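# below: sequence and its predicted model.
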Amino acid sequence: MRMKRYAIVSLLALFAATSAQAALRTGTIQYKHGDVVLEGYLAYDDEKVTDKAPAVLIVHQWMGLTDYEKGRAKQLAELGYVAFALDIYGKDDRPANRGEAGKFAGKYKTDRALFRQRLNLGLEQLLGQKNVDAKRVAAIGYCFGGTGVLELARSGADVAGVVSFHGGLDSPTPADGKNIKAKVLVLHGADDQFVPAEGIEAMKKEFNDAGVDWQMIYYSDAVHSFTQKMAGNDKSAGAAYHAKSDARSWEAMRQFFDEVFAR
C-alpha cells in the first residue's frame, strides 16, 4: 500500500554502536504522516549485510518505541537481517504510564484504518533502504504490536510473513482475511487472560475461510507479555516475563524466517 497522500521525509544518521560491535550500524529515521513526525530505529550489521538482505519490521508494544524494540532490532541485525522498529504514535507522543498507554493503543485499535496507514508507512521506510531485499521482508510485533502485524497483513501488505508475540487476537473485519498474502505465525501464552477465547476462534475462522497459511503455538505457564522482562515476574498480575517461552518463541520466529525467506 502506497501512502500517496502523505509526505514522507527520511532523515537517517547511522553510527557504530560500540567498538566491540563495530559492524553494527544503528540510527534513527524520521518521517511524516501528514503533520505528525514519526521516528523509527534502524539496525543492521554491515559485515553480514553486504548486498540486498532480508529485512524485518518491528511493531512496538503499547508504551511506544522504547529500548525494548531497539534491543530486538539489534538482535535481528546480529542474525543478518536489516531491522526497522517503526513508530505508530509519533516522535513527541510517548505514554508516561500504563493509563496513557491504554489510551494511545486504544486510539489505533478502534481506528484500524489509521493503524494500517501508520503500519504501511513504517514498512515503506524499511523498503526504502538500499540494502533491503524487498522480496524477503517480514514483520514482528509485541502485544499492541502483535495486533499490528496482523493488521498489516490484513491491509494486503506484500510481506512474506508476520509474527505476533502475545498480541491482541480478534477479527474485527473478517472479510479482510482475503487480503492476506503473508504466512502468519501467532505465539501465545496459554494462560493469557487478556485475550478472550472467542477472539482467538474468530481469528482462526477468518484465516481458515480466507485460506491463509497460518500456525499458532501456545506456551504453557505463560501469560501476556511473556517476552518482556520489564513486565516483572508476578504472573497473577496478568502480564509477566517467562524466560523459557521467550527463548522458545524467538527460536520459533527464527525457524519461521528460514522458511519464508528461503529462495
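Looks like it came in fine.

# and the helices in the stretch 51-200 of the chain?
For the stretch 51-200 of the chain, the helices defined by DSSP state H, counting those that start in this stretch cover 67-78, 98-109, 112-127, 144-154, 197-210.

# tell me which of the ones you listed is the most buried.
Mean neighbours per residue, mean count of other Cβ atoms under 10 Å, is largest over the helices of the stretch 51-200 of the chain for helix 144-154, with a mean of 28. For the C-beta atoms, the positions are set from N, CA and C on the backbone; glycine is no exception.

# re earlier: put together JSON lines for the helices of the stretch 51-200 of the chain, with mean pLDDT and distance to Arg25 on each row.
What follows is the helices of the stretch 51-200 of the chain, written out as JSON lines (pLDDT from 0 to 100; distance: least, Cβ to Cβ, whole Å):
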{"stretch": "helix 67-78", "mean pLDDT": "98", "distance to Arg25": "8"}
{"stretch": "helix 98-109", "mean pLDDT": "94", "distance to Arg25": "30"}
{"stretch": "helix 112-127", "mean pLDDT": "98", "distance to Arg25": "14"}
{"stretch": "helix 144-154", "mean pLDDT": "98", "distance to Arg25": "23"}
{"stretch": "helix 197-210", "mean pLDDT": "98", "distance to Arg25": "37"}
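
# tell me which of those sits nearest to Ala252.
Among those, the nearest to Ala252 by Cβ to Cβ is helix 144-154 (13.6 Å).

# contacts made by that closest one with the rest, please.
The contact list for helix 144-154 (Cβ atoms under 8 Å, 6 or more residues apart in numbering) reads 57-62, 69, 88, 105, 108-109, 112, 115-116, 119-120, 123, 139-141, 159, 162-170, 173, 176-177, 179-182, 184, 186, 203.

# could you do stretch 198-214 as well?
Contacts of stretch 198-214 (Cβ under 8 Å, 6+ apart): 150, 168-171, 174, 176-178, 180, 183-186, 188, 216.

# of all those, which comes closest to Ala134?
Closest to Ala134, out of all of those and judged by Cβ to Cβ, is Lys183, at 16.8 Å.

# that closest one against Phe257, yeah?
No - in this structure, Lys183 is not within contact of Phe257 by Cβ atoms under 8 Å, at 10.4 Å.
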